[in-house]
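K.L.:
Next input, structure requested:
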Amino acid sequence: MVTIKMIAQRCGLSTAAVSRALNHLPGVSPQNAERVRRIAGEMGYYPNVAARTLKTSRSNMIGVLYRNGMAHEFFASVLEGIHIEAERHGYELVFLRRDPGMSYLDHARQRQCAGVVVVQGQLYDYENVMSLVKSNLPTVSVEYEFQGGTMVVTDNVSAMEELIRYLHDEMGHSRVAFIHGESCQVTSERLAGFVRGCRNCGIVIPEEYVREAHFRTPEESARETRALLALSQPPTCILYPDDVSYLGGVAEIRRHGLSVPGDMSCVGFDGVSLSRAVSPQLTTYYQDGEQMGARAAQEVISAIEDPRCAVPRTVLVPGCIQKGDTVKNLRGDVNT
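P.N.:
Sure thing, here's the model as predicted:
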């Protein structure tokens, strides 16, 4: 079995320096750290996680709390980011699901989790999750805010403002409708950004232009699209809560004998692969799910390894507009 001592001899460094390099800790030059990890790989070195756990008297398990929404591509990319970052630091993941006879906190303790990342598409048991946040177990959430907890999110307010500026300033749209998701922190932030963006662009928002449908529920977005199309003055562009919801919307638009973007422009949110697979390609706002997962893992690992790092805060991960072909350019009547 290849040991740290053997790698140190091969590299001509101390075992302490090699250990720091392998664990991505400061105190080693970037050049030496990269060389150590390369040589360790060539020698077939694998960290002894069990030995590390015994040495530190600390579990190497990170719990991931999720609901069925993880089947959605965005949350799958978040999970991938958590997994890659956790593995890089020598941690393993264990999944926590709701058990009627056990709280999330008890489940995490039973599985000997050193910390927990909350990744939930929808929350129905806020108080149960709060028991985790209020405990001494490091807990970080992705996309949802818990009082007194650290969360990693896309800057939803800025994202919506950016979308409105693009639609108005570049593409000439002033009749923009917003079908938002169900009531939650993400929806509140996006709605605030939508209102602020419209106000900054001098756009008046009719009450009937703002509608609600559950996230990733095409049949509900189709229903709300139908209501918008029935208005005496329908919008020229519809913003959907996510890319999956757009599928319901575009189907309804086509059922009315209309086309996208010729008769109605549409914008999604998330930037998942289907947005590039559909025709026309969907204009959407790309959320970097993998980076959000990685940042969440970094936050919880920092809190595990040094409790002084466990200061509640909001970590914003930037996204960007992913331009497709579903927004008509009303200024030049050219699709973009």
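
K.L.:
which residues of the stretch 1-150 of the chain fall in strands?
P.N.:
61-66, 92-96, 113-119, 139-142, 150-154 (DSSP state E, counting those that start in this stretch).

K.L.:
Show me the contact partners of the second one.
P.N.:
Meaning strand 92-96. By CB atoms under 8 Å, 6 or more residues apart in numbering, the surrounding residues in contact with strand 92-96 are 49, 60-66, 82-83, 86, 104, 107-108, 111, 113, 116. Bear in mind the C-beta positions are built from the backbone N, C-alpha and C, glycine included.

K.L.:
Nearest residue to the most centrally placed residue in the chain in space, please, no chain neighbours.
P.N.:
In the chain, the residue lying closest to the centroid (CA atoms, centre = their mean) is Gly289, at 3.9 Å. Spatial nearest neighbour of Gly289, excluding adjacent residues (CB to CB, 6 or more residues apart in numbering): Ser77 at 3.3 Å.

K.L.:
circling back: just the buried ones from the contacts of strand 92-96, in PyMOL syntax?
P.N.:
Only the buried entries of the contacts of strand 92-96 go into this PyMOL selection, using 16 or more other CB atoms under 10 Å:
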select buried, resi 60+61+62+63+64+65+66+82+83+86+104+107+108+113+116
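
K.L.:
give me the low-pLDDT residue ranges for the stretch 1-150 of the chain?
P.N.:
1, 46-58, 67-71, 121-124 (pLDDT under 70).

K.L.:
need the helices for it, in chain order.
P.N.:
Ranges of helices within the stretch 1-150 of the chain are 4-11, 15-22, 30-42, 49-56, 73-88, 104-110, 126-133, based on DSSP state H, counting those that start in this stretch.

K.L.:
Figure out which of the ones you listed is closest to Asn329.
P.N.:
Comparing the helices of the stretch 1-150 of the chain against Asn329 with CB to CB, the closest turns out to be helix 73-88 (28.2 Å).

K.L.:
and the angle from the closest one to strand 92-96?
P.N.:
Orientation check (axes from the mean of the first three to the mean of the last three CA atoms, to 10 degrees): helix 73-88 against strand 92-96 gives 140 degrees.

K.L.:
between helix 73-88 and strand 150-154, what angle do the directions make?
P.N.:
130 degrees.

K.L.:
counting contacts, what elements does helix 73-88 pack onto?
P.N.:
Here helix 73-88 touches strand 61-66, strand 92-96, strand 113-119, helix 289-305, going by 3 or more CB pairs under 8 Å, 6 or more residues apart in numbering; DSSP states H and E.

K.L.:
mind listing what the shortest one pairs with, with the direction of each?
P.N.:
The reference is to strand 92-96. Paired strands of strand 92-96, with direction, are strand 61-66 (parallel) (DSSP bridges).

K.L.:
again, but for the third one
P.N.:
Strands that pair with strand 113-119, judged by DSSP bridges, come out as strand 61-66 (parallel), strand 139-142 (parallel).

K.L.:
could you give the angle of that strand to helix 126-133?
P.N.:
Using the same axes, to 10 degrees, strand 113-119 lies at 140 degrees relative to helix 126-133.

K.L.:
now swap in the last one and tell me
P.N.:
With the same axes, to 10 degrees as the basis, helix 289-305 and helix 126-133 are set at 50 degrees to each other.

K.L.:
What helices and strands are in contact with helix 289-305?
P.N.:
Using 3+ CB pairs under 8 Å, 6+ apart, helix 289-305 sits against strand 61-66, helix 73-88, strand 113-119, strand 139-142, strand 150-154, strand 314-317.

K.L.:
Identify all contacting residues around it.
P.N.:
58, 62, 74-86, 89, 91, 114-117, 119, 138-143, 150, 152-154, 270, 309-310, 315, 317.

K.L.:
Just the buried ones from these?
P.N.:
Buried among the contacts of helix 289-305 (16+ other CB under 10 Å): 62, 74-79, 81-83, 85-86, 89, 91, 114-117, 119, 138-143, 150, 152-154, 270, 310, 317.

K.L.:
Give me the number of neighbouring residues for Arg165.
P.N.:
14 (other CB atoms under 10 Å).

K.L.:
Identify the residues contacting the closest residue to Leu282 other than its chain neighbours.
P.N.:
Among residues not flanking Leu282 along the chain, Ser275 sits closest, at 4.0 Å (CB to CB, 6+ apart). Counting by CB under 8 Å, 6+ apart, Ser275 touches Asp243, Tyr246, Gly268, Gln281, Leu282, Thr284, Gln322, Gly324.
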